[in-house]
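Q: just need the structure, nothing else, for what follows:
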Amino acid sequence: MITMQSYSQGNKNSLMADIGQDNSILIIGRGFDESKLNEIFKPSSIWEMESIYGDSELTMAYTEAKRNGANNVFVMNCLKTTDFIDSIQYVRHYNFSYIVPIGIKLSDKFYSSEQDKEVYFAEHYLNEFSKFTNSLIIFTDEHADLYENINNYLYDMRTKVENFKESTYYLLSNYGRNFAFCLNNLQYEDYSNVILATVLSRTKPGSYPETIKNKAIFDLDSEDIFTPEIIYFKNNLHTDTSIENLKNFRTIFDANKLISVDRVIKHIERTLDTSFVLGKLYNQYVEMMLHDYLDSFFRRLLETAIRNYCIKNIRFVRAEATSGYITVDIDIHPINSLEQINTLLEVK
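A: Residues are numbered from 1 along each chain as shown. Presented below is the predicted three-dimensional model:
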């Protein structure tokens, strides 16, 4: 079962409306200097990006995202290593669809004085963002062209992913659906996670990502990838490069471990707005209003994102003597899934 909640905030202004879209991307990386340090910014063009952040890895990543079809790209300049840690408190409430750190790798760690131990940057990001958002955080690691052969490369990447999973199992058991890792094995691209986020951002929920023109380093196939969570890019003989093994780090191996399926659930969470029942005295009329709204909402998704749905039960859960919240049992069959997903919507 998947527990859902509404992340819709009524889109109070144009900035929040853009961030709340299914195609929003936040690239976190190093600019040339301290311009707009630790600030969220949406450049209007590549020229404006270059004029503010200079010749930098952040500018390069933004440029590649735009040239590959991303339409809704935000950036944040984290110049020093500590900026990658401290800046999260300023952005963790913003529900971007995709968070893409560059300049820090999956295997990178920092010393946390609060925990008195070394902590993965990726662990810190997942913990902080997932408290408030359903953003998909996409990390990568060393580039494939740094390795002499495929065996060394895959062994190193598997080891890094397995070590991360072992160290963060409890966190992944709660928020694993919000985390993804892809091999950095695209030619002439420094950050494959930027390309992956770009392709996903232009793919409708319910659809599988299209192929890309970029060629992959090393000819990989499913037999080469033993770790379930490693996304990779595959060269094909008669078609362009495809994105393979599109899975998140959810610890339960069900349909929702597939990113293409989970994107449907995330789309529902982003667009569902149940705020109209908050603060109301729960009664049969409120229950009927909520049921009618949900029925109308899911009907609009039929044959575009879902095959079918069933609103099974609506009930009030008393949390305190005079207050509580509503839960709704909903069966959802995403259009790209072979199985139905049991979800529990919490209206708080």
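Q: for the closest residue to S130 other than its chain neighbours, what are its contacts?
A: Closest residue to S130 apart from its sequence neighbours, by Cβ to Cβ, 6 or more residues apart in numbering: Y175 at 3.8 Å. C-beta: built from backbone N, CA, C; applies to glycine. Listed by Cβ atoms under 8 Å, 6 or more residues apart in numbering, the contact set of Y175 reads 126-127, 130.
Q: now with 10 Å, please.
A: 126-127, 129-131, 134, 137, 168, 248-250 (Cβ atoms under 10 Å, 6 or more residues apart in numbering).
Q: and if you look at H124?
A: Counting by Cβ under 10 Å, 6+ apart, H124 has contacts 84-85, 88, 104, 109-110, 112, 115, 171.
Q: with pLDDT added, can I get those in CSV?
A: Output for those, formatted as CSV (pLDDT from 0 to 100):
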residue, pLDDT
F84, 96
I85, 94
I88, 91
I104, 97
K109, 97
F110, 96
S112, 91
Q115, 89
L171, 97
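Q: and which of these is nearest F316?
A: Among the contacts of H124, L171 lies closest to F316 (Cβ to Cβ), at 31.1 Å.
Q: so the closest one sits against K131, correct?
A: No: the pair L171 / K131 is not scored as a contact, 11.0 Å apart, by Cβ atoms under 10 Å.
Q: neighbour count: these two, which is higher?
A: For the pair L171 and K131, the greater number of neighbours falls to L171 (19 against 11), based on other Cβ atoms under 10 Å.
Q: name the residues of the strand or helix carrying that one that are buried.
A: Per DSSP states H and E, L171 falls inside helix 169-175. By neighbour count on 16 or more other Cβ atoms under 10 Å, the buried set for helix 169-175 is 171-172, 175.
Q: what about this structure, any weak spots by pLDDT?
A: Counting by pLDDT under 70, the ranges of the chain that qualify are 9-12.
Q: tell me which stretches of it form helices.
A: 14-19, 46-53, 57-67, 81-86, 88-91, 121-130, 150-167, 169-175, 192-201, 259-271, 284-299 (DSSP state H).
Q: so which of the ones you listed is nearest S242?
A: With Cβ to Cβ as the yardstick, what comes closest out of the helices of the chain is helix 192-201 (10.4 Å).
Q: can I get the closest one as CSV, trimmed to CA atoms?
A: Below are the C-alpha coordinates for helix 192-201, written out as CSV (Å, rounded to 0.1, in the frame of the first residue of the first chain):
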residue,chain,number,x,y,z
SER,A,192,23.7,12.1,-16.8
ASN,A,193,21.3,12.9,-14.0
VAL,A,194,20.6,16.2,-15.6
ILE,A,195,19.7,14.5,-18.9
LEU,A,196,17.5,11.9,-17.0
ALA,A,197,15.6,14.6,-15.2
THR,A,198,15.2,16.5,-18.5
VAL,A,199,13.8,13.5,-20.3
LEU,A,200,11.4,12.7,-17.4
SER,A,201,10.3,16.3,-17.2
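Q: could you tell me the angle between it and helix 57-67?
A: 30 degrees (axes from the mean of the first three to the mean of the last three Cα atoms, to 10 degrees).
Q: from the chain's centroid, how far away is helix 192-201?
A: Chain-centre distance of helix 192-201: 10 Å, with Cα atoms, centre = their mean, to the nearest Å.
Q: same thing with stretch 177-192?
A: 13 Å.
Q: for stretch 88-108, same thing?
A: Computed by Cα atoms, centre = their mean, the separation of stretch 88-108 from the middle of its chain amounts to 10 Å.
Q: check which residues of that stretch are buried.
A: Residues of stretch 88-108 classed as buried: 88, 91-92, 94-108 (neighbour count, 16+ other Cβ under 10 Å).
Q: which of those fall in strands?
A: 98-101 (DSSP state E).
Q: got those as JSON lines, with distance to Y62 columns?
A: Formatted as JSON lines, these follow (distance: Cβ to Cβ, whole Å):
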{"residue": "Y98", "distance to Y62": "13"}
{"residue": "I99", "distance to Y62": "14"}
{"residue": "V100", "distance to Y62": "10"}
{"residue": "P101", "distance to Y62": "14"}
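Q: for the residue nearest in space to the middle of the chain, name its beta-bridge partners.
A: With distances taken as Cα atoms, centre = their mean, L136 lies nearest the centre of the chain, 1.0 Å away. L136 has the following beta-bridge partners by DSSP bridges: Y98.
Q: ok, it - contacts?
A: 96-100, 129, 177-180, 196-197, 200, 248, 259, 262-263, 266.
Q: switch the cut-off to 6 Å
A: Counting by Cβ atoms under 6 Å, 6 or more residues apart in numbering, L136 touches 98, 178, 180.
Q: which one of these is nearest R30?
A: Of all those, R30 sits closest to Y98, with 18.9 Å by Cβ to Cβ.
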